[in-house]
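>>> A structural model of the following input is requested.
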Amino acid sequence: MPADEHVSPIQFITYHDVTEALGRSTRTHQVRAYGRTGFQVGAMTWTAKEIGNIHADIPRRGIATALWNEGHRLAAENRRIPTPKHSALRTEAGDAWARSVGGRLPRRK
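Sure thing, here's the model as predicted:
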């Protein structure tokens, strides 16, 4: 097992209001995770209704969970940012991940 296997691939996470950038009328939020080299390694986008997209470029390294946790932290600190909620549209892997982090799970579509 490589020595860096236990080290998080995330160096920092940034928050963005991406409503205008995506051309949406519904306020849309995004957190992005960046690795030690400065490249993006994952992102989560959500509205007040649900998570629209979450991805991690390096699977099973805690990136998606860190993004979920950061979204919740931001929502707790800023009332203008809604708490991320799971979507009913989940892949098998996404459903397993959603169950692992907890929270209300709408019936899967």
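>>> low-confidence ranges in this structure?
1-7 (pLDDT under 70).
>>> helices of that one, start to end?
Shown for the chain, the helices assigned by DSSP state H span residues 63-77, 92-101.
>>> how far off helix 63-77 does the last one point, in degrees?
Which is helix 92-101. Interaxial angle of helix 92-101 relative to helix 63-77 (axes from the mean of the first three to the mean of the last three C-alpha atoms, to 10 degrees): 50 degrees.
>>> for helix 92-101, packing partners?
In terms of contacts (3 or more C-beta pairs under 8 Å, 6 or more residues apart in numbering; DSSP states H and E), helix 92-101 is packed against helix 63-77. C-beta coordinates here come from the backbone N, C-alpha and C atoms, glycine included.
>>> distance of the most centrally placed residue in the chain from Leu89?
Most central residue of the chain, judged by C-alpha distance to the mean C-alpha position with C-alpha atoms, centre = their mean, is Met44 at 3.2 Å. Plainly put, Met44 is 14 Å away from Leu89 if you go by C-beta to C-beta, to the nearest Å.
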